[in-house]
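Novice: have a look; sequence and predicted model below, questions after that.
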Amino acid sequence: MLEASVRAEARPPARARKVVFIIADGIPTDVLEKANTPNIKQVMAAGTYLPAHVGGDLGTYTQTPTISAPGYMDLLTGTWGYKHNVWDNAVKAPNYQYQNIFRLLKAARPDSKIGIFSTWLDNRTKLVGEGLPAAGNVTFEYKADGYELDTVAFPHDKGSLYTHAIDDKVVAEAARCLQANGPDLSWVYLEHTDDMGHRYGDSEQQRRALGYVDEQVGRIWAAIQARRQRYPEDWLLVLTTDHGRDAATGRNHGGQSARERATWLVLSDKATNDYAKRLPVSMVDVLPTIARFMHLPLPPATQRELDGVPLLGPVSLAQPSVAAGPDSLRLRWTALGGKSENVKVWATPTNNFKTGGVDSYVLLGTVPLARQRAAFSQAAYPASFYKFVLEGEHNTLNTWLMPAGPPTPGPLK
């Protein structure tokens, strides 16, 4: 089924579909919800606002630090840290086997044009890995970044106001490019809100920085509207943040407190699905949402590794889990599809994908989706590690049999 769905989606839609995603750094959910943000609210009115989270599933092997670079990689790859291997802002050894959305788009549609407009150069050079063979030799047709290295044009003042000036420059370049060139997929990254959070915590300075973001989102939104008036294109704007902040001061993040994990998503599309309406959504849902909007085919091997669920279009299931009982392996999921749908349950005791290899999956069985559970003899499957894949009619998810507790970060092996 996975291969058939890829073939069915291989051609781009007749009417061009384009996406811009904006990450505005370090804006807690409660701060956004209390703020006067007329431009962001205008996008919400045209689409959807969703409370969300980062950090993976608390206390499990998917738990990921609430730090910026891991959060960006969560979005870019649709996976948590135990897969993409980015644990902090040093970005020492990202696992490019878990392909980012730009690479996936270029592989499926080589003529696609991509853009990045960022107040941090590492987003392009390390996270996406532009020009690196290990990262697929992706090249951006449009890019505006690295301004933080130009201390003549943007002198680094003690109050970090220079990052606001850089954000403004980045947004000006992005708005101009979006309106004139209309890249198929673009990333805009804004830093100043996080700088103000670190310096002043929950403060007037932080609220003022959010006001700047609101103005900048307004410029991006206006560029999209102008583009829509001139060309037969459908656009999706995704706006989010990479982490919250600590409850005591608002200066810190990186841990797993409720406020550090709490984030939000704004989509300029009202047609969200039952998953988005009923269940907690997360950063890893953005990649499959972008792919769904763009009618972008994803390789079967990628589908089996995604931790996210599309927020648009039909979905079959969510929230997979596995537990080892005394004599059985017990899988559970939340059914979101039709009563007549089935789920194929696959398993492999290897993780060759991590190092560029292939995992051989065995079909354990096909069960009714509505049952929301399945059990298999542990005697027949005695390994201590398994990757389980639940293949529904409309989406595919995975859950791993792993030792209890959060993962231990380390180098790729």
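Specialist: In hand now; what should we look at?

Novice: quick one: contacts for the residue most central in space within the chain?
Specialist: Nearest to the mean C-alpha position of the chain, counting by Cα atoms, centre = their mean, stands Leu75 at 1.9 Å. Residues in contact with Leu75, defined by Cβ atoms under 8 Å, 6 or more residues apart in numbering, are Phe21, Ile23, Thr240, Asp242, Met283, Val284, Val286, Leu287. (C-beta placed from N, C-alpha, C; glycine too.)

Novice: same deal with Lys143?
Specialist: For Lys143, the contact set (Cβ under 8 Å, 6+ apart) comprises Gly115, Ile116, Phe117, Arg124.

Novice: part of a strand, is the last one?
Specialist: Meaning Arg124. No. Secondary structure assignment (DSSP: H, G, I helix; E, B strand; the rest coil) places Arg124 in helix, not in a strand.

Novice: okay, it: pLDDT?
Specialist: At Arg124, the pLDDT value in this model is 98.

Novice: hmm, it is touching Ile116, no?
Specialist: Yes. Under the criterion of Cβ atoms under 8 Å, Arg124 makes contact with Ile116 at 5.1 Å.

Novice: span of stretch 321-333 from start to end?
Specialist: Separation of the first and last residues of stretch 321-333 by Cα to Cα, to the nearest Å is 6 Å.

Novice: give me the contact list for it.
Specialist: If you take Cβ under 8 Å, 6+ apart as the criterion, stretch 321-333 is touched by 317-320, 343, 345, 372-379, 381, 386, 388, 390, 397, 399-401.

Novice: residues of it that come out buried?
Specialist: Counting neighbours by 16 or more other Cβ atoms under 10 Å, one finds that the buried residues in stretch 321-333 are Val322, Ser328, Leu329, Leu331, Arg332, Trp333.

Novice: next one: stretch 118-129
Specialist: In stretch 118-129, counting by 16+ other Cβ under 10 Å, buried: Ser118, Thr119, Trp120, Asp122, Asn123, Arg124, Thr125, Lys126, Leu127, Val128, Gly129.

Novice: assign the residue lying closest to Tyr381 once chain neighbours are set aside to helix, strand or coil.
Specialist: Distances taken as Cβ to Cβ, 6 or more residues apart in numbering put Leu329 closest to Tyr381, at 6.1 Å, once the chain neighbours are dropped. Reduced to three states with three-state DSSP, the structure at Leu329 is strand.

Novice: how many neighbours does Asp88 have?
Specialist: Neighbour count of Asp88, defined by other Cβ atoms under 10 Å: 14.

Novice: surely it touches Pro70?
Specialist: Yes. The criterion here is Cβ under 8 Å, and Asp88 meets it with Pro70 at 7.1 Å.

Novice: joint contacts of Arg124 and Ile116?
Specialist: Contacts common to Arg124 and Ile116, judged by Cβ under 8 Å, 6+ apart, are Phe140, Lys143, Asp145.

Novice: one step back: beta-bridge partners for the residue nearest to Tyr381, please?
Specialist: Leu329 has these beta-bridge partners by DSSP bridges: Ala324, Phe376.

Novice: quick one: it and Ala172, what's the gap?
Specialist: Using Cβ to Cβ, to the nearest Å, Leu329 is found at 55 Å from Ala172.

Novice: about what we covered before: just the buried subset of the contacts of stretch 321-333, written out for ChimeraX, thanks.
Specialist: Those of the contacts of stretch 321-333 that count as buried under 16+ other Cβ under 10 Å are selected in ChimeraX with:
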select :317,318,319,320,343,345,374,376,378,381,386,388,390,397,399,400,401
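
Novice: let's see which of the contacts of stretch 321-333 end up in strands.
Specialist: Counted as lying in strands by DSSP state E, out of the contacts of stretch 321-333, are 317-320, 343, 345, 373-377, 386, 388, 390, 397, 399-401.

Novice: buried subset of the contacts of Lys143?
Specialist: Restricting the contacts of Lys143 to buried positions leaves Gly115, Ile116, Phe117, Arg124, with burial counted as 16+ other Cβ under 10 Å.

Novice: tell me what the helix or strand where the second one lies is packed against?
Specialist: Element membership of Ile116, judged by DSSP states H and E, is strand 114-118. Strand 114-118 is packed against helix 101-108, strand 142-144, helix 162-181, strand 185-190, with contacts defined by 3 or more Cβ pairs under 8 Å, 6 or more residues apart in numbering; DSSP states H and E.
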